[in-house]
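Novice: Model the following, please.
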Amino acid sequence: EIGPRDIENNSVFMGRRDKDAKDKTGMKADDFVNSLTKILDEIQQNIFDKALKFRNENTINIDDKDDFYKFFTPNDKSNPEIHGGFAMGHWCGNSECEEKIKDDLKVTIRCIPINEKEETGKCISCGKESKRRVVFAKAY
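Specialist: Here you go, the predicted model:
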């Protein structure tokens, strides 16, 4: 923020997206310009860390089809709650299995993690052999 008095005093006030909205910092305009790259890097890192923490705390491995369907089925179908979680489940690679899950639950594969080791298991949809887990989630 820069108001008329701030211009007279060569100062600025800054609010950050990664901190409380009421938490504003005042500083000289020159100091702000000189530290802007550092401030933006810090904001980016804080937002990334928060998202990573959320993802890690809200991701579970599911190996059983019934458990998978329970995980993504709302308790009250007339008033479905927002789920907000991810399931790591095996997928055989067949697009028909992916479509069945999408049709049944409105759940889709979000990504195929590239850093995960191969792990044999059974496809969450058809039960055929799978070599890796994928990330499933529901879109709202």
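Novice: switch to C-alpha atoms for all contacts and neighbour counts from now on
Specialist: Noted.
Novice: Any regions of this protein where pLDDT drops low?
Specialist: 80-83 (pLDDT under 70).
Novice: domain ranges for it?
Specialist: The chain is divided into the following domains under automatic domain parsing: 4-57, 59-138.
Novice: Over to the first one now: how far is its first residue from its last?
Specialist: Terminal residues of domain 4-57 are spaced 46 Å apart (Cα to Cα, to the nearest Å).
Novice: From the chain's centroid, how far away is that domain?
Specialist: Domain 4-57 sits 22 Å away from the centroid of its parent chain (Cα atoms, centre = their mean, to the nearest Å).
Novice: hey, where'd the strands end up in the chain?
Specialist: For the chain, applying DSSP state E gives strands covering 11-15, 24-28, 59-61, 86-90, 107-111, 121-122, 129-130, 133-138.
Novice: Highest mean neighbour count out of the ones you listed?
Specialist: strand 86-90 (a mean of 24; mean count of other Cα atoms under 10 Å).
Novice: List the strands paired with that one, with their directions.
Specialist: strand 59-61 (parallel), strand 133-138 (antiparallel) (DSSP bridges).
Novice: Reformat those strands as CSV; add distance to residue 75.
Specialist: Converted to CSV, those look like this (distance: least, Cα to Cα, whole Å):
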stretch, distance to residue 75
strand 59-61, 19
strand 133-138, 15
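Novice: Any idea which of those strands gets closest to residue 39?
Specialist: strand 59-61 (30.4 Å; Cα to Cα).
Novice: Need the residues that contact the closest one.
Specialist: 85-89 (Cα atoms under 8 Å, 6 or more residues apart in numbering).
Novice: For stretch 17-24, measure first residue to last.
Specialist: First-to-last distance for stretch 17-24 - Cα to Cα - comes to 11 Å.
Novice: thinking again about what came up before, tell me which of the domains of the chain is the most buried.
Specialist: Comparing those by mean count of other Cα under 10 Å gives domain 59-138 as most buried, with a mean of 16.
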